[in-house]
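Trainee: A predicted structure for the sequence below; I have some questions about it.
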Amino acid sequence: MKKILILSANPKDTNSLRLDEEVREIQAALKRAKNREVFEIVTEWAVRVDDLRRALLDHEPTIVHFSGHGSGSNGLALENNFGQVQLVSTESLARLFKLFQTKIECVLLNACYSEAQANAIHEHIDYVIGMNRAIGDVAAIEFAVGFYDALGAQHSYEDCFEVGCASIDLEGIPESETPVLKARRRLHSFSTVEKEIDLEEKKTISLGKAQQPSYGGISQSVSGGQMYGGMQAVQGNNNQQTMTNHATSEENHSLAQTAQEIQQLLQRLERTYPTKTSSEKMMVVVKAVDEIENNPSFKARVVGVLKAGGSEALKELINHPLVNIMMASIEGWQEAG
C-alpha cells in the first residue's frame, strides 16, 4: 500500500491557487490506475505547522505532496491560526523529514521556488521534486497529473517525473524545465523474499558478534572454509579463544552502556519537556538526536554499536516509550558513520 499525503496551504494574504482542482486531478489519475487498490490518498487543507507534524506522525505516508506557495531560501508558506502566512524554514523542514526517512520514499513540492527545500530534504529522502522558479497554476496541475498517471501505471519515480515534465510540454506550456528531481537509488533493493533473507543474515551477523558459536558449551573462534563431518573446522589456540571472548565481552559492554546512555538522555529530556502529544514526543526525540550529534564521542559509540549489532539489538536494551521513534531517526548512521 502506498499512502499519499497531500498537504495544501493557500494563506489569505497570498495569491489564490487552484489547489482543489489539483487534488481532484490527482485523485482522478489514481482512480484510473489498474492497481488503484494499492493507493490511499489522505488530504489535509489549510495546513499549519502543527498540522504538518501531526499529519506525518499520524499517517506515516509513502509519498508527501505539498501544494502551495514557496519563498525560495525563506521556506514554504504554511498558515498560522489566523489563516495568514507562516513560513517554515528550509532547515526545519529537513530536520522534520529526517525523522521519517525510513517511511517516506518521495516528496513532491509543487510550489514556486522550492528547489532549496528539495535539496535539504533530499539529504534524508531518496526522491524529492522541487521547482527552480515560479510555476503557473496550469503547469503545476499538468505536472501533477502526469506524475500520478505514471505512478498509477507502476512506473519508477524517475519516469513519473519525466512524464510530468512531458505533460507540461504537451500542453504547449514553456515551463517543463521548472520541476527538478533530486534522486538517488538505495544501495540495496530487495524483493520480498530477498528482504526476508537479508533480515535473517543480519540476525545471524548480530548473533555472531554478540556471542560466537558454541560447541559442547564452549565458545570457539571460528575461521577458515573447511568442513569436517558437517562442522566447520575450528582453528586457533587458547590465546585466540581468550581474545575472542574478550572482544565479545567488550562489544556487549559497549552495547549495554550506550543503550543506558540513550535511555538516560530520553528520560532527562522527558522530565524537561512535555510528551503528551505526538508532536511533543517527536520534538523530544529531535532534541535527543541533536545532543548526540553535538557530542562526537557519544555519537561515535552509537555508530559503533549500530554497526556491530544493528538497531534492533540496541533497541531491545532501551526501555523507553520513545525508543521506536528514536531508533528510526538514527539507524541510518550505521551506513553514513
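Mentor: Alright, I've got the coordinates.
Trainee: going forward, measure contacts and count neighbours with C-alpha atoms only.
Mentor: Fine.
Trainee: For the stretch 201-337 of the chain, give me the ranges with low pLDDT.
Mentor: Counting by pLDDT under 70, the stretch 201-337 of the chain contains low-confidence residues at 201-249, 335-337.
Trainee: Tell me, how many residues neighbour Thr272?
Mentor: Taking other CA atoms under 10 Å as the criterion, the count of residues near Thr272 is 10.
Trainee: can you map out the strands along the chain?
Mentor: 2-8, 39-44, 63-70, 76-79, 85-88, 106-111, 127-131, 179-183, 214-215, 218-219, 222-228, 231-234 (DSSP state E).
Trainee: Look at Asp58 and say how many residues are nearby.
Mentor: Asp58 has 10 nearby residues by other CA under 10 Å.
Trainee: list the buried ones in stretch 97-116?
Mentor: If you call a residue buried by 16 or more other CA atoms under 10 Å, then stretch 97-116 has these buried ones: 97-102, 104-116.
Trainee: try stretch 23-30
Mentor: Buried residues in stretch 23-30 (16+ other CA under 10 Å): 23, 25-27, 29-30.
Trainee: any chance of the residues you listed in JSON lines, plus distance to Lys182 and pLDDT?
Mentor: Output for those, formatted as JSON lines (distance: CA to CA, whole Å; pLDDT from 0 to 100):
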{"residue": "Val23", "distance to Lys182": "23", "pLDDT": "97"}
{"residue": "Glu25", "distance to Lys182": "24", "pLDDT": "96"}
{"residue": "Ile26", "distance to Lys182": "21", "pLDDT": "97"}
{"residue": "Gln27", "distance to Lys182": "24", "pLDDT": "96"}
{"residue": "Ala29", "distance to Lys182": "23", "pLDDT": "95"}
{"residue": "Leu30", "distance to Lys182": "23", "pLDDT": "95"}
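Trainee: tell me the contacts of Glu91?
Mentor: Each residue near Glu91 by CA atoms under 8 Å, 6 or more residues apart in numbering is listed here: Ala120.
Trainee: swap that for Glu270, please
Mentor: By CA under 8 Å, 6+ apart, Glu270 lies in contact with Val284.
Trainee: Same check on Glu177?
Mentor: Neighbour list for Glu177: Cys165 [criterion: CA under 8 Å, 6+ apart].
Trainee: Tell me the pLDDT of it.
Mentor: Glu177 carries a pLDDT value of 96.
Trainee: so what are the domain limits for this structure?
Mentor: The record's domain parsing of the chain by automatic domain parsing lists 2-183, 192-336.
Trainee: ok, and the closest non-adjacent residue to His69?
Mentor: Nearest non-adjacent residue to His69, counting by CA to CA, 6 or more residues apart in numbering: Ala111, 4.9 Å away.
Trainee: Mean neighbour count, the domains of the chain: which tops it?
Mentor: Of these, the one with the most neighbours on average (mean count of other CA atoms under 10 Å) is domain 2-183, at a mean of 19.
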